[in-house]
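*Asks:* attaching a predicted model along with its sequence, questions to come.
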Amino acid sequence: MNPSCNLFVVGPTGAGKTSLGRRLAHHYGLELVDLDQEIEQTCGVPINTIFEVEGEAGFRRRESHLLDEFSLRTGILLVTGGGAVLDPLNRQRLHARGYVIWLQATPEQQLERLRHDTQRPLLAGTDRQQRLQAMAAIRNPLYLDVADQTIPGLDENVAAASERCIALVDAHWQRQHAA
């Protein structure tokens, strides 16, 4: 159990973190912060452009800086990008500063949900399934390491998934209110 006034949502690309995050933030009265959106707003360019100019390493530095900044706030629901857990310091910060929910999704679910998405730089190329499986092999143990709670991904609409997630979080999260 990790008592906290913050909720953090981690998981793979296409898991539905942002959609679910909106509903959870509304339900719990938390400020929603989507880390990828904040990176784009801060830089003034899309993530694809950051990857083109600075590479993944440059993007990850920016991601870590903003994760540190936002995770220090109180009363937020922070949705991370799929790769935020790659940095051990990010995992440490997430675990220490909030209640971490791992929203799971299989590579097959991701493929279905992202079939028309062309904006994710790590999925550029031809064999998306192989890339998603390779990312899952590396990232799933890291999600598990940082998570206070795991939410299995099911093929259901956002409303049903939100209700299921809220019931699970209500049963386990020891919410502390900001002072």
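*Replies:* Structure received.
*Asks:* gap between the longest helix that the chain contains and the chain center?
*Replies:* In the chain, with assignment by DSSP state H, the single longest helix is helix 47-71. Here helix 47-71 is found 14 Å from its chain centre; the criterion is CA atoms, centre = their mean, to the nearest Å.
*Asks:* try stretch 99-118
*Replies:* With CA atoms, centre = their mean, you get 11 Å for stretch 99-118.
*Asks:* what does that stretch rub up against?
*Replies:* 2-4, 6-17, 20, 94, 120, 123, 128-129, 132-133, 136, 143-144, 146-153, 155, 165, 169, 173-175 (CB atoms under 8 Å, 6 or more residues apart in numbering). Backbone N, C-alpha and C define where each C-beta goes, glycine included.
*Asks:* repeat the analysis, applying 7 Å as the threshold.
*Replies:* With contact meaning CB atoms under 7 Å, 6 or more residues apart in numbering, stretch 99-118 is reached by 2, 4, 6-17, 20, 94, 120, 123, 128-129, 132-133, 136, 143-144, 146-153, 155, 169, 173.
*Asks:* now stretch 32-42
*Replies:* So stretch 32-42 is in contact with 18, 21-22, 25, 46-47, 62-63, 66-67, 70, 76-81, 84, going by CB under 7 Å, 6+ apart.
*Asks:* just the buried ones among these, please.
*Replies:* Neighbour counting with 16 or more other CB atoms under 10 Å marks 21-22, 25, 47, 62-63, 66-67, 70, 76-81, 84 as buried within the contacts of stretch 32-42.
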